[in-house]
Structure formats: C-alpha cells, structure tokens
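Student: prediction below, plus the sequence it came from.
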Amino acid sequence: MPQPVFVRPPSAGPVPLVLDSPHSGATYPADFGAACDPALLRQAEDAWVDELWSGAAGLGATMVAAGFPRAYIDPNRALEDMDPALLDEPWPGPLAPGDKSDRGVGLIWRLIKGEVPIYDRKLSVAEVQARIDGYWRPYHAALDQAVDAARARFGKVWHIDCHSMQATGNKRSVDGDGTPRADFVLGDRDGTTCEPDFTRFVAERVAAMGYSVKVNDPYKGVEIVRRHGRPAEGRHSLQIELNRALYMDEDAHRKIPRFDQLQADLTRLTADIVGFLARRT
C-alpha cells in the first residue's frame, strides 16, 4: 500500500508559498485490478513533477506530493465527479459527473489515452469508498493543513498546483487529437483563483527564460485550484502544466538530458516567485 501523501517542509526560512504535485505518484496499490497494459497506465502519471520542483523547499516553500497514481483515484477531481457506469451498484451519495467523467477521467478513471478502457469489470462501492478514505481524503487534509498554516502565519498564501501534460492532445482532450501544446500552460480558471498580477508575473518570467506559454489554454485548472483559490481572502492558487517533451521521453517513460535544465529553471522561477511574494506581504 503506497503512502498516500508526502509533505516536504521548507529547509530555509518559511515563505507564504505552497506547491502540490497531485499526479506524480507512481506506487500502484495491489487492489487496483486494472486490465490494461501497465505501461499505458504509467502514461497518466505526471512523472517526476515533484522532483522537478524539489528546489522549492530550499527557498522556503512547502511541497505536498501524492504517493499513489492518479489513474487509481484522482485528487484533482471533486468527489461527486464520478461516472456511475463504473459501479456495480448505486452510489449511496450524490453524484454530479461532469466533463472530466464524460471523457473517462473523472474521480475514478475509466479510460487511458482517451480511448483504452482501464477495467474489464465494475467496481464495488466499498472499494471506491476505500480509495476515497485511504488516499483522496488524506491528500486533501495534508494540502489543506499546509495552505491554512501559511495563510495563518503570513496573512496571505500563494499556492502552485504542479502538473505535466502530454506534448499533444488526444482524441478526448479539449484541444483535439494531435494538437501541439505550449511548453507551459498556466491555469487560473479565467482569472478567478488568483490575482491577475500573479498569473501575469509567472507568464512573463517563463517567457523570459525562453519557453512558450499560454494561459487557460487548454487547461484552466480543476478541483484543487478551485478549492484553494479565493483571492478576496488572500488565497491565490495557480495551476502550472509542463510539457513532458521538455524533460522526458513519453513512450519510453524515461528522463532526457534536458531534465536537469528544466529543474534548474523551475528553481529559478520559484526564486522569482518568492521575490514577488515578498513585495506583497
């Protein structure tokens, strides 16, 4: 059984910055019961994203990272965003499957790569509830605690939700099959989860390092930034997606030599963000 969540506290003087990596977990529970090729499942991972951002702790930030894979249960989904067709009996509570469930990637993933079924069976209510209680809830409890502690200490908090994305869209992605993606995609749910100046600052710093960047295209942010982004309360949350072609061979599932450069650039970006926050607290 994988550890649900890892919390890496600051190794330097704390700053009001929390990062989380909800999709980099790579320890697969024995009760997963998936029927598809395990190599395909691994393509759902935001592989090594927590490692790419690991320099943040030395700059005073807290990092929260999942130990379990997103295909098992996705912490970046609301509990209600579940496809009832996955279950062998009615769910005992309310469900509100949305666009993610329709595309097979709700709370419990149904499809991999937009078209390959993960299971050849129905899931029981009991096993889904065990995933929620054993993984989803502990992850959110740890992230809530880190964000709330920073907000209580500094009066404000900035949160970065760290992800990676396939280099191109697939058949069920919002941008369409084969569509090339920018190096970085920033998501603030159309300006609702953090102050516009923060999104603008990060976009400008990324571009200044020579990377292409888009905002809210094709990813705006999902459950985690929605939960934590309340700018009127001094809680700012921004999702950052990294193009996997920058640091890994997706088919071979291995790092490429550019990994180290991207990791160094993300540490430099984090240092710039810490400077930005110092001018606002």
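Tutor: That came through fine. Predicted model, so just to flag it, every value in this text is computed and none were measured.
Student: what's stretch 198-214 in contact with?
Tutor: 158, 181-186, 188, 191, 215, 236, 238, 240, 246, 265, 268-269, 272-273, 276 (Cβ atoms under 8 Å, 6 or more residues apart in numbering). Bear in mind the C-beta positions are built from the backbone N, C-alpha and C, glycine included.
Student: ok, 10 Å please
Tutor: 158, 160, 180-188, 191, 193-195, 215-216, 231, 236-238, 240-243, 246, 261-262, 265-266, 268-269, 271-273, 275-277, 280 (Cβ atoms under 10 Å, 6 or more residues apart in numbering).
Student: can you turn the buried part of these into a ChimeraX selection?
Tutor: To isolate the buried ones among the contacts of stretch 198-214 in ChimeraX, judged by 16 or more other Cβ atoms under 10 Å, type:
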select :158,160,181,182,183,184,185,186,187,188,193,194,195,215,216,231,236,237,238,240,241,242,243,246,262,265,266,269,271,272,273,276,277
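Student: buried sites along the strand or helix carrying Ala142?
Tutor: For Ala142, the host element (DSSP states H and E) is helix 137-154. By neighbour count on 16+ other Cβ under 10 Å, the buried set for helix 137-154 is Pro138, Tyr139, His140, Ala142, Leu143, Ala146, Val147, Ala150, Arg151, Phe154.
Student: before we move on, what about stretch 56-71?
Tutor: For stretch 56-71, by 16+ other Cβ under 10 Å, it's 56-57, 59-71.
Student: what separates it from the chain centre, distance-wise?
Tutor: A distance of 10 Å separates the centroid of the chain from that of stretch 56-71, by Cα atoms, centre = their mean, to the nearest Å.
Student: leaving out sequence neighbours, find the closest residue to Leu52.
Tutor: Gln263 (5.1 Å; Cβ to Cβ, 6 or more residues apart in numbering).
Student: now do the contacts for that neighbour.
Tutor: Gln263 neighbours (Cβ under 10 Å, 6+ apart): Trp48, Glu51, Leu52, Trp53, Ser54, Gly55, Tyr247, Lys255.
Student: farthest pair in the residues you listed?
Tutor: Greatest spatial distance in the contacts of Gln263: Gly55 and Lys255, 16.2 Å, computed using Cβ to Cβ.
Student: identify the residue spatially nearest to Tyr28, adjacent ones excluded.
Tutor: Pro69 (5.8 Å).
Student: quick one: which helix or strand includes the one you found?
Tutor: For Pro69, there is no helix or strand it lies in under DSSP H and E.
Student: my read is that it contacts Pro4, right?
Tutor: No. Contact criterion Cβ atoms under 10 Å: Pro69 and Pro4 do not qualify, at 11.7 Å.
Student: who touches both of those two?
Tutor: The contact lists of Pro69 and Pro4 share Gly25, Tyr135, where a contact means Cβ under 10 Å, 6+ apart.
Student: from Ala57, how far out is Tyr247?
Tutor: Going from Tyr247 to Ala57 by Cβ to Cβ, to the nearest Å gives 19 Å.
Student: quick check: phi and psi at Asp175.
Tutor: phi -90, psi 0 (degrees, to the nearest 10).
Student: ok, it - contacts?
Tutor: Counting by Cβ under 10 Å, 6+ apart, Asp175 touches Met165, Thr168, Gly169, Arg181, Val185, Asp217, Pro218, Tyr219.
Student: how about stretch 159-178: buried residues?
Tutor: Per 16+ other Cβ under 10 Å, stretch 159-178 contains these buried residues: 159-166, 168-170, 173, 175.
Student: endpoints of stretch 46-57, how far apart?
Tutor: End-to-end distance for stretch 46-57, by Cα to Cα, to the nearest Å: 20 Å.
Student: could you pull up the mean pLDDT of that stretch?
Tutor: Mean per-residue pLDDT for stretch 46-57: 98.
Student: which residues does Gly191 contact?
Tutor: So Gly191 contacts Thr199, Val215, Asn216, Lys220, Pro231 (Cβ under 10 Å, 6+ apart).
Student: tally up the residues packed near the residue nearest to Ile73 when sequence neighbours are not counted, please.
Tutor: Of all residues not flanking Ile73 in the chain, Arg131 sits nearest, at 4.2 Å (Cβ to Cβ, 6+ apart). Look at Arg131: counted by other Cβ atoms under 10 Å, it has 20 neighbours.
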